[in-house]
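Chemist: model this:
(2 chains)
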2 protein chains.
Amino acid sequence: MALKSFIHVHPDSHFPIQNLPYGAFKTHSTTLPRLGVAIGDYVLDLSEIAKSCLFNSPLLAGSDCFLQPTLNKFLAMGRPAWKEARDTLQKLLSSTEPALRDNMELRQKALVPMSEVEMVLPMEIGDYTDFFSSMHHAKNCGTIFVGPKNPIAPNWFRLPIAYHGRASSVVISGTDIIRPRGQGHPTGNSTPYFGPSLKLDFELEMGTVVGPGNELGKTIDVNEAADHIFGVVLMNDWSARDIQAWEYVPLGPFLGKSFGTTISPWIVTLDALQPFACDAPKQDPPPLPYLAEKTSKNYDIALELAHHTINGCNLRPGDLLGTGTISGPEPDSLGCLLELTWNGQKALSLNGTTRKFLEDGDEVIFTGCCKGDGYNVGFGTCTGKVVPPRD
Amino acid sequence: MALKSFIHVHPDSHFPIQNLPYGAFKTHSTTLPRLGVAIGDYVLDLSEIAKSCLFNSPLLAGSDCFLQPTLNKFLAMGRPAWKEARDTLQKLLSSTEPALRDNMELRQKALVPMSEVEMVLPMEIGDYTDFFSSMHHAKNCGTIFVGPKNPIAPNWFRLPIAYHGRASSVVISGTDIIRPRGQGHPTGNSTPYFGPSLKLDFELEMGTVVGPGNELGKTIDVNEAADHIFGVVLMNDWSARDIQAWEYVPLGPFLGKSFGTTISPWIVTLDALQPFACDAPKQDPPPLPYLAEKTSKNYDIALELAHHTINGCNLRPGDLLGTGTISGPEPDSLGCLLELTWNGQKALSLNGTTRKFLEDGDEVIFTGCCKGDGYNVGFGTCTGKVVPPRD
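Modeler: Alright, predicted model coming up:
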């Protein structure tokens, strides 16, 4: 029988005791953010649990990691500490454990209704990298921008392609996205268009959050990569396709993507996703030895991380690694408007209206969920509304 | 007559009283870094000056900005505070001012011989952006990688091209550079080369350090850009040309450049560079209005910064903006081995030895200096030695 909490959790909830994703929140009475885990419609305030000395495992007893305003310190502690925290919290929240269940004063302080909190970025992001993982997305983008002949560059089949993103522009779900201004591709030798982007798009992605980092000049072995990944969020890498198309040769995306990247507030841990692990698609051609995992699972995460450090590049706790737009082979499994409308050539119908690209006032909502036996492990939502330029 | 300090400064020194660049240093007796300015062969410890209450101007009196381990707080205070600090320090160090000159106890504490300090990164770098400013570099790279027909993409003439770099891999001058491993371009359909880079290169650049930032979604006007730039360092954006050539389509440089970027330790302020301001080259075609400065000087810095924020991208104090490799039109004014050896096709002779790319043990030393009337405003050196891969 599935583990149950003494807190009532609706069967459709994304946040049963099997999930316990981590986030950071503010309430009207706090100034600094606090750390918490989601349980049903509540946030469990980890600073209150720590102050009550209920983290009594070897690595966490006496640690101030849950008294910080971000998760970075906890992220740096690594998998053994994460496991202790998960064990402690699942026990504390279970229906059979009295320590929190029967302590009304602590329940009052530590369990905050989700409706009363404002979620904030759960980690300080030193660097943000975005990959280009989906073959269907790569093929569609290549066809649109370069043409149908060899739409995917040969390097894509050999190494994980990625670019450095702009860490300062990562925002939490719910933050308005201000339509960027910039230059668009001119026709022939004419002066380029300048003004608000005319091709504003969303990109459906997952983001992974780095745990312990590595020293500059050292590498992470592909078989140890999962120990450096704490968990996963939903991510919307908002993109201005007209700006991107004009600027990206030869140094890649820059201002077409640095005006806002939204992440969902709750980091779902790899431990919570463990029951949903699956094999990765077979790679053809086979990966070079440094990219070949002995056992391959976990949504390609390990693969990307090991490649990222093979040149000695140092990761730091809290770094964010995006998958790139996730598109499937079917027309209804495309992850951005660029593909859905084929760069604005055909309109997309939705709820009685049509779109080629996003308009001011449009709100984009991503959600995602793994269906377990009698419970979900969900990601909540990742939302953002488009608003016009300011100044 | 030029302003003089009571401290003896050799006429060839990069650090007379006219310069006063900012850095952060450690000594054998300190654990946390301290902030200082360079004067001749000494570092003036700003924490000692602050603790002696000698910063008595309106914005700096009572501020703890010089008691921090990084310059970020001071950077965020903006040009009025920077001007107060420069005025105070030039007066304190001048030959006619007794406050420091005649206080032997304070001189003993506050003036540390440069030979006794270890310089560290002077700012926490949130994001690092690298531009592609030099037309000669753009033309040479384009010719080598794409061919002699249209070597410079048409966008280069219309907007500042740039990519997001890897902030975690920025290191201080003197740090060894570990040769990166990675994949090189395969011949035809063969398996790509994997191993230590065979085409390790340096890139001669300048880096600018951001002062006050801007809010996400707001822009910085091109005519106010200089108020957001604190100063300038020398920069070596080490590059693995074989890794870069294979990975860069379509998302730009990634692991070919994220294994190390070296900056010189002393940030030369725009105020110190003021006497050396000059006009920028005429732009053809003329820039779009948002990029057109009313008065144009200061080495294109303003231009790049305003473009960086036109989409609403937020800069933060301490961000680093590189110029990209600075190459001139003459064969001896090329700023990297890729150009100097034409991608390894012809060897470069130097001190009785030859090089196509860098070999283990090679040390690269950059230096730079503005020659004033009886004094220099110099940048010191930016150095790094290549060492073989570890693990």
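Chemist: now the residue in the stretch 151-300 of chain A positioned nearest to chain B, nearest residue through space, not along the chain?
Modeler: Going by C-beta to the nearest C-beta, chain B is nearest to A:Gly252 of the stretch 151-300 of chain A, at 2.3 Å. (C-beta placed from N, C-alpha, C; glycine too.) Distances taken as C-beta to C-beta, 6 or more residues apart in numbering or on different chains put B:Gly252 closest to A:Gly252, at 2.3 Å, once the chain neighbours are dropped.
Chemist: what about that neighbour, neighbour count?
Modeler: Residue neighbour count, defined by other C-beta atoms under 10 Å in any protein chain shown, stands at 25 for B:Gly252.
Chemist: Let me know how buried the residue lying closest to A:Leu198 once chain neighbours are set aside is, in neighbour terms.
Modeler: Of all residues not flanking A:Leu198 in the chain, A:Asp242 sits nearest, at 5.5 Å (C-beta to C-beta, 6+ apart). Per other C-beta under 10 Å, the neighbour tally for A:Asp242 reads 25.
Chemist: Contacts for the helix or strand containing A:Asp242, please.
Modeler: Using DSSP states H and E, A:Asp242 sits in helix A:241-247. With C-beta atoms under 8 Å, 6 or more residues apart in numbering or on different chains as the test, helix A:241-247 has contacts from A:145, A:180, A:182-186, A:192-193, A:197-201, A:253-257, A:338, A:343, A:357, B:155, B:158-159, B:161, B:311.
Chemist: what are the pairing partners of the longest strand along chain A, and which direction each?
Modeler: Using DSSP state E, we find that the single longest strand of chain A is strand A:376-387. Looking at strand A:376-387 with DSSP bridges, its partner strands are strand A:177-178 (parallel), strand A:363-371 (antiparallel).
Chemist: who in the stretch 201-350 of chain A is up against chain B?
Modeler: Selection of the stretch 201-350 of chain A residues close to chain B by C-beta under 8 Å from any C-beta of the partner chain yields A:213, A:216-219, A:240, A:243, A:246-256, A:258-260, A:285, A:288-290, A:307-308, A:310-316, A:319.
Chemist: Out of those residues, which end up buried?
Modeler: A:213, A:216-217, A:219, A:240, A:243, A:246-256, A:258-260, A:288, A:290, A:307-308, A:310-316, A:319 (16 or more other C-beta atoms under 10 Å in any protein chain shown).
Chemist: Could you list which of these belong to strands?
Modeler: Per DSSP E, these map to strands at A:Ala240.
Chemist: hmm, back to that, check what pLDDT the residue nearest to A:Leu198 gets.
Modeler: Turning to A:Asp242, the model gives it a pLDDT of 94.
Chemist: Sketch out the low-pLDDT regions of chain A for me.
Modeler: Across chain A, the ranges flagged by pLDDT under 70 are A:1, A:295-305, A:391.
Chemist: partners of the residue lying closest to A:Thr269 once chain neighbours are set aside in the sheet?
Modeler: Leaving aside its sequence neighbours, A:Thr269 sits nearest to A:Gly231 (C-beta to C-beta, 6+ apart; 4.2 Å). Under DSSP bridges, the beta-bridge partners of A:Gly231 are A:Val209, A:Thr269.
Chemist: got the contact list for the lengthiest helix in chain A?
Modeler: Longest helix in chain A, counting residues (DSSP state H): helix A:79-93. The contact list for helix A:79-93 (C-beta under 8 Å, 6+ apart) reads A:3, A:5-7, A:17, A:20, A:37, A:39, A:44, A:49, A:54-60, A:63, A:65, A:74, A:97, A:99-100, A:211, A:227, A:230, A:269, A:271-272.
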